[in-house]
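Q: Just need the structure, nothing else, for what follows:
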Amino acid sequence: MDFKKIAETIIDLKNADLALREKLIQTGNLSNGYHEEMKELHTRNAKILNDIIDSVGYPTINKVGKEAGEAAWLVIQHSIGQPEFMKKCAELLKNVVHENQADPKNLAYLTDRIAVFEGKPQHYGTQFDWDENGNLSPNYYDDLIKVNQRRKSIGLNTLEEQTAILRNQVKIENQSPSSDFEKRKQEIEAWKLNVGWTT
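A: Modelled structure (predicted):
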């Protein structure tokens, strides 16, 4: 098995994702719903990575190195239109984190993202969205004290600190909320139902 070539392929997937994200930021199209070009890229990347995982298992640090391991996680995290793939990867990631072959922060982000899409409370407060007041805020979570304890246990800053950082970042990137909060909320719920996150 040529793990070096596999690592390069995974890194290429991540680089394509980040390049498109940057392009959408520059053109002001990142915050306007799930952009069709981004959706297509995420779907293609997920298919390629799924084939790799079916062939070699989860791309751990000892197989593909740290950079490609992080890149694989980013591709998984962005495969939001593929619920089964994301859930499959979360289970695999849980096992490799237990074996110290992946970063527990990645598992926190992935399990939180799945929870948000399924309408459940997140445990680490890693997922954010625009609120009804036009502020970037954490999605629904269970308990602030517990969230901050869990965050600390895996080396994350407090939720309050992270909120301040992300709000500053969206200002720098010139991102802004949708002009119609309710309409966007309805579109998200319809999308979640359509791709199979909710029933």
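Q: and the protein, what are its domains?
A: Domain segmentation of the chain under automatic domain parsing yields 1-102, 122-191.
Q: which of those sits most buried?
A: Mean neighbours per residue, mean count of other C-beta atoms under 10 Å, is largest over the domains of the chain for domain 1-102, with a mean of 17. C-beta coordinates here come from the backbone N, C-alpha and C atoms, glycine included.
Q: gap between the two ends of that one?
A: 20 Å (C-alpha to C-alpha, to the nearest Å).
Q: Tell me which helix or strand comes right after the single longest helix found in the chain.
A: Criterion DSSP state H: the longest helix present in the chain is helix 3-26. Using DSSP states H and E, the next helix or strand after helix 3-26 towards the C-terminus is helix 36-56.
Q: Please enumerate residues in contact with that next one?
A: 1, 3, 6, 9-10, 13, 16-17, 20-21, 24, 59, 63, 72, 75-76, 78-82, 85, 88-89, 92 (C-beta atoms under 8 Å, 6 or more residues apart in numbering).
Q: hmm, back to that, please state the offset of the longest helix of the chain from the chain centre?
A: 14 Å (C-alpha atoms, centre = their mean, to the nearest Å).
Q: same thing with stretch 171-188?
A: Remark: stretch 171-188 is offset 18 Å from the chain centroid, using C-alpha atoms, centre = their mean.
Q: now swap in stretch 1-21 and tell me
A: Worked out by C-alpha atoms, centre = their mean, stretch 1-21 lies 16 Å from the chain centre.
Q: what do you get for stretch 23-42?
A: Counting by C-alpha atoms, centre = their mean, stretch 23-42 comes out at 15 Å from the chain centroid.
Q: So for it, first residue to last residue, what's the gap.
A: End to end - C-alpha to C-alpha - stretch 23-42 spans 15 Å.
Q: so what does the longest helix of the chain touch, helix or strand wise?
A: helix 36-56, helix 61-77 (3 or more C-beta pairs under 8 Å, 6 or more residues apart in numbering; DSSP states H and E).
Q: Any chance you could list what contacts it?
A: 30, 35, 37-38, 41-42, 45, 48-49, 52, 56, 59, 63-65, 67-68, 70-72, 74-75, 78, 173-175.
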